[in-house]
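Q: Dropping a prediction and its sequence here:
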Amino acid sequence: MLEVRDATLHYGAAQALRGVSLVAAQGEITCVLGRNGVGKTSLMRAIVGQHHLSSGSIAFEGKALDRSTPYERARSGIAFVPQGREVFPLLTVRENLETGFAPLKRGERTVPPYVFELFPVLKQMLYRRGGDLSGGQQQQLAIARALVTRPKLLVLDEPTEGIQPSIIKDIGQAIRYLRGMLGIGILLVEQYLDFARGLADRVAIMDRGEIVFSGDPTSLDDPHVRRHLTL
Ligand SMILES: Nc1ncnc2c1ncn2[C@@H]1O[C@H](COP(=O)(O)OP(=O)(O)OP(=O)(O)O)[C@@H](O)[C@H]1O
């Protein structure tokens, strides 16, 4: 579904990605792990079109994305939940959700009912401002806003960061539902190892701008694999 090939990315003279190749399949949860600063966010932002690759390619459903804008990628079915959530604090929950309408045709501009089933608190808080929500509620709102775009691939950058355990559990259940019931592909960046291990079908570990391991989540128990994750 998504195929990144030999991607390199630079910030000025600094190289953040060094020949990264990664596949995310439909109906699977692919989890990218790695310490702080190894390039996980740079890779996700390149996939959604917020950063340009210096070389390499990204294809979605067999089509090269290299020249397409973030808006075109959203229209083709890629949705992004950024690190830090980026909820609009002065817009209501409803208005935040409606920002997800932008890539949709007029007739499709509704919030799918399953979104409120996954995150009932958003229905209760529909007219509250985004900035008044707790961190966990904002994370749910950021995921819901991404789902409004009817994605085929959902890219989540550290959705558990700074979130209380009960909401982490709800988010994990929502991600499982999206994979199992809707067949959405999930690409998840995570630092919280237990969460990743419990969800992932495939894992890829990054270190210093490279993918140093990819395979089965059980391999996270292997000390050779884990050494890339510990400080
Ligand atoms: N906009 C930017 N300009 C310059 N350097 C950047 C920029 N964004 C990231 N970097 C650098 O690129 C490298 C990779 O950063 P990136 O945020 O992709 O890593 P990460 O694995 O997502 O880290 P974290 O878990 O802390 O978010 C780091 O050295 C970082 O300082």
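A: Thanks, I have it.

Q: show me where the chain has helices.
A: 40-47, 70-76, 93-98, 113-118, 120-124, 135-148, 165-180, 193-199, 223-226 (DSSP state H).

Q: quick one, which of those helices is nearest to the ligand?
A: helix 40-47 (3.1 Å; C-beta to the nearest ligand atom). All C-beta spots, glycine's among them, are computed from the backbone N, C-alpha and C.

Q: and Gly34, which of the helices of the chain is closest to it?
A: Evaluated over these, closeness to Gly34 peaks at helix 40-47, with 5.5 Å, by C-beta to C-beta.

Q: which residue sits closest to the residue nearest the centre of the chain, ignoring its sequence neighbours?
A: Centroid-nearest residue in the chain: Leu156, 1.7 Å away (criterion: C-alpha atoms, centre = their mean). Spatial nearest neighbour of Leu156, excluding adjacent residues (C-beta to C-beta, 6 or more residues apart in numbering): Val81 at 4.5 Å.

Q: Pull up the residues of this structure that are close to the ligand.
A: Taking C-beta under 6 Å from any ligand atom as the contact definition, the chain meets the ligand at Tyr11, Ala14, Ala16, Gly34, Asn36, Gly37, Val38, Gly39, Lys40, Thr41, Ser42, Gln83.

Q: just the buried members of the residues you listed?
A: Taking 16 or more other C-beta atoms under 10 Å as the criterion, what is buried in the residues of the chain next to the ligand is Ala16, Gly34, Val38, Gly39, Lys40, Thr41, Ser42, Gln83.

Q: Mark which of the residues of the chain next to the ligand are part of strands, please.
A: Mapping the residues of the chain next to the ligand onto strands (DSSP state E) picks out Tyr11, Ala14, Ala16.

Q: Ser214 and Ala204, how far apart?
A: 4 Å (C-beta to C-beta, to the nearest Å).

Q: so what's in contact with those two at the same time?
A: Counting by C-beta atoms under 8 Å, 6 or more residues apart in numbering, the contacts common to Ser214 and Ala204 are Leu22.

Q: The two: who's more crowded?
A: More neighbours surround Ala204 than the other of Ser214 and Ala204, with 24 against 16 (other C-beta atoms under 10 Å).

Q: Ranking helices and strands of the chain by mean pLDDT, which lands last?
A: Within the chain, no helix or strand scores below helix 223-226, which has a mean of 84 by mean pLDDT, DSSP states H and E.

Q: tell me the contacts of Phe101?
A: Arg109, Val148.

Q: low-confidence ranges in the chain?
A: Along the chain, the model assigns pLDDT under 70 to no residue.

Q: tell me how far stretch 117-131 is from the chain's mean position?
A: Centroid separation for stretch 117-131 versus its chain: 21 Å, with C-alpha atoms, centre = their mean, to the nearest Å.
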